[in-house]
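Colleague: Sequence first, predicted coordinates after that:
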Amino acid sequence: MSQSQRPSPNVQEGPCAPEVTWWKQIRVADRQGYNIRDQKDFTQDAKHVTKVLAITKAEVDACAYVMFEKAKHLGQPTDMYQTNVKASDLGHRIDLTWVKD
């Protein structure tokens with residue numbers, strides 16, 4: 001994971017999971033686990049590029065989380081990991097790369 005200045009939220013970047021073929025999703029959720037706005041995207045099969053997800057200060061103040069999901073038994077989407085978004089993350093871009101399935 002690397003961090004840099006945040007680009008425009010409409011920018012699409014290079015592959016975030018070049019070696020991954022099984023379904024993976026990243027989403028921004030509130031403290032109850034519900035998606036915040038449309039802030040989610042996935043990678044699967046030949047789709048290796050995701051959109052840039054943006055989080056506002058108000059969402060961070062309300063305890064926003066980044067949730068990582070993957071397909072488990074019989075392809076069932078399952079929350080695997082979560083991390084709290086800190087105020088110090090605002091104004092920066094954090095790049096995440098799935099290394100393997």
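Modeller: Perfect, thanks for sending it. Residues are numbered from 1 along each chain as shown.
Colleague: Can you give me the pLDDT of the residue of the chain most remote from its centre?
Modeller: Centroid-distance maximum for the chain: L74 at 22.5 Å, with CA atoms, centre = their mean. With respect to pLDDT, L74 has a value of 81.
Colleague: V28 now?
Modeller: 90.
Colleague: In this structure it contacts D41, no?
Modeller: No - applying CB atoms under 8 Å, one finds V28 not in contact with D41, separated by 10.3 Å. C-beta: built from backbone N, CA, C; applies to glycine.
Colleague: what are the phi and psi angles of the residue positioned nearest the centre of the chain?
Modeller: Geometric centre of the chain, nearest residue: I26, 3.2 Å, by CA atoms, centre = their mean. Dihedral angles phi and psi of I26 (degrees, to the nearest 10) take the values phi -120, psi 140.
Colleague: from what I can see it touches V52, true?
Modeller: No - contact criterion CB under 8 Å: I26 and V52 do not qualify, at 10.9 Å.
Colleague: Tell me the spatial nearest neighbour of the residue nearest to the centre of the chain, not counting adjacent residues.
Modeller: Closest residue to I26 apart from its sequence neighbours, by CB to CB, 6 or more residues apart in numbering: F68 at 5.8 Å.
Colleague: still on that earlier bit, hang on, the residue farthest from the centre of the chain in a helix?
Modeller: Yes - judged by DSSP: H, G, I helix; E, B strand; the rest coil, L74 forms part of a helix.
Colleague: and the gap between Q82 and L74?
Modeller: For Q82, the distance to L74 equals 23 Å [CB to CB, to the nearest Å].
Colleague: for H92, that is, sorry about that
Modeller: 38 Å.
Colleague: try A54
Modeller: 33 Å.
Colleague: For the residue lying closest to N84 once chain neighbours are set aside, give me its contacts.
Modeller: Closest residue to N84 apart from its sequence neighbours, by CB to CB, 6+ apart: Y65 at 5.7 Å. Going by CB atoms under 8 Å, 6 or more residues apart in numbering, Y65 touches 28-31, 33, 82-85.
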